[in-house]
Structures are given as structure tokens and as C-alpha cells.
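1. Mind looking at a prediction? Sequence and model below.
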Amino acid sequence: MTSTPKYGRFIAFEGGEGTGKSTQSRMLADALRKGGKVVKVTREPGGTPGAEAIRELLLHPPGEGWNARAEALLFAASRSDHVGTLIRPALAEGTWVISDRFVDSSRAYQGGAGGLGDEAIQALHQFGSDGMRPDCTILLEVDEARLSERLAERDGDTSDAIGGRSIDYHREVARSFRKLAEADPHGFRIVDGTGTPQEVHARILDELRPLIEGEAA
Ligand code: TYD
């Protein structure tokens, strides 16, 4: 029984808090399903029972919280479980996987804003997940004014241990994402996240057309 193996494609959404990644992940999944693909939507940190348990530790840390290295290790550990038990098996069955955040979040948050540097994060990812990369990473960007608005609006609510960090930290996250995307124009697509969800969705579909149509061919 030798049939040509069929692999799914792996698309990750990246960007700061409130840039619309979850909404766009769902809209993209619906569009791909309409086109006949089997699609799994997942998220990081999380996606599997083990990784969801680590998510809880990361976002609501016990005691004083984690030091920067421990935090990066926990993200890498949760990703290792996510990749090994969900993402790779799904792709091997021909399922398309859409993840709301992946390793570039660790590169931007822990590596960039957190000061650990890209080399350290890449080394952890190499060890934990064999350095797996998405077929395409969509970076959703909203401008700085909106970022400040969103962070200000959120003041006083129950933001988590990472979302609740300073405006300077989040500014650095945004700068780091852009640097990563500019350094790898083949792997990333930078998409303007302003406008209605439908407008942003249309931009994303435009960017992904070659990947989607290449698959249909
Ligand atoms: P989440 O509630 O999913 O945030 P959002 O809705 O903004 O995506 O919480 C995830 C938080 O974890 C978010 O602040 C980003 C942070 N994070 C990292 O710092 N490093 C990582 O590798 C990942 C995946 C997330």
C-alpha cells in the first residue's frame, strides 16, 4: 500500500496583545475548510493538556513568578509537547494547522523584550522541537497609538503575568517582531491589523494565496 504521503501546512499568527490573532485564526480556518481542507486551530502557550497546564503556570505563576530563563524554558517545554503530540501528527495526516502564536513569540517576548537574546531562544527551540518552523508566519501589526489605547483600556482588569507588563516591554516586543519578520521575508508576511476583521482577513488570504493554491495544484 504505497500512496504518496500528504502533508498539511502549518501557519502561525504572531503579534502583540489584542492584534486580532485569535479572530483571524478562526476566520482563516473557516475559509480553508470551505475550500475542502481539514484544519486544526490551536494556540500557544497551550494546545495540549500538558501545554495547557504549563500555560497556567506561566500566566498565573505561583509565588514570586519565574526568572527570565525559567520562563523561557517553560515556554519551550510547552511548545515541545504541543509540537510532538499535536502539530506534527496532525500535519502528517494532511491536516492544516493554524496556531495562535508559536516560537516567534518566544523570540520577541523572552528573547527581545526579555533580554535573553535570539540565540538562546533558538537553542531551546532546537532542543525542544527540532527547530520546527511554520510554513508561513503572519505577523499582525497595529500601530503604537492603538497599542497604548489597548493597554490603557486594560488597566485595572485581571491581565496575566506577561500581558500586564509595562508599555516599554510591549513596545520592545513589537519592535522585535518587526525585526524578525524583516530578517526573514520568505517565512513571514507582515499584515496590517487595522480595519474590520473582514478587511484584515482579506489581506491575509491575499498573502497566503500562493501557499493555498500551491497546495490545490
Ligand atoms: P494570551 O492570553 O494567549 O495572549 P494573547 O491573547 O495576547 O495572545 O497569553 C499569552 C501570553 O504569553 C501573551 O502575553 C504572550 C505571552 N507569550 C510569551 O511571552 N512567549 C511565548 O512564547 C508565547 C507563546 C506567549
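-> Done, it's in.

2. can you give me phi and psi for the most centrally placed residue in the chain?
-> For the chain, the residue nearest the mean C-alpha position is residue 101 (1.4 Å; C-alpha atoms, centre = their mean). Recorded main-chain torsions at residue 101 are phi 80, psi 150, according to degrees, to the nearest 10.

3. Quote the end-to-end distance of stretch 111-120.
-> 7 Å (C-alpha to C-alpha, to the nearest Å).

4. hang on, the earlier thing: contact partners for the residue nearest to the centre of the chain?
-> Under the criterion of C-beta atoms under 8 Å, 6 or more residues apart in numbering, the contact list for residue 101 reads 12-14, 21, 43-45. (Each C-beta comes from the backbone N, C-alpha and C, glycine too.)

5. In helices only, show me those.
-> Secondary structure defined by DSSP state H assigns residue 21 of those to helices.

6. Take the contacts of residue 101 and lay them out in CSV including distance to the ligand.
-> CSV is the format used below for the contacts of residue 101 (distance: C-beta to the nearest ligand atom, whole Å):
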residue, distance to the ligand
12, 10
13, 9
14, 9
21, 6
43, 6
44, 4
45, 5
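
7. Which of the contacts of residue 101 has the largest number of neighbours?
-> residue 13 (29 neighbours; other C-beta atoms under 10 Å).

8. mind listing what the closest residue to that residue other than its chain neighbours touches?
-> If the residues on either side of it in the chain are set aside, residue 13 comes closest to residue 21, at 4.1 Å by C-beta to C-beta, 6 or more residues apart in numbering. For residue 21, the set of contacting residues under the criterion of C-beta under 8 Å, 6+ apart consists of 13-15, 100-101, 140.

9. how about 6 Å then?
-> 13, 15, 100, 140 (C-beta atoms under 6 Å, 6 or more residues apart in numbering).

10. Okay, and which of the residues you listed map to strands?
-> 13, 100, 140 (DSSP state E).

11. Now tabulate those in a markdown table and tack on distance to residue 36 and pLDDT.
-> Converted to a markdown table, the ones in strands among the contacts of residue 21 look like this (distance: C-beta to C-beta, whole Å; pLDDT from 0 to 100):
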| residue | distance to residue 36 | pLDDT |
| --- | --- | --- |
| 13 | 22 | 98 |
| 100 | 23 | 98 |
| 140 | 26 | 98 |
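
12. any chance you could map the helices in this structure?
-> Using DSSP H, the helices of the chain run over 21-34, 49-59, 68-82, 88-92, 103-106, 118-129, 144-154, 167-183, 197-216.
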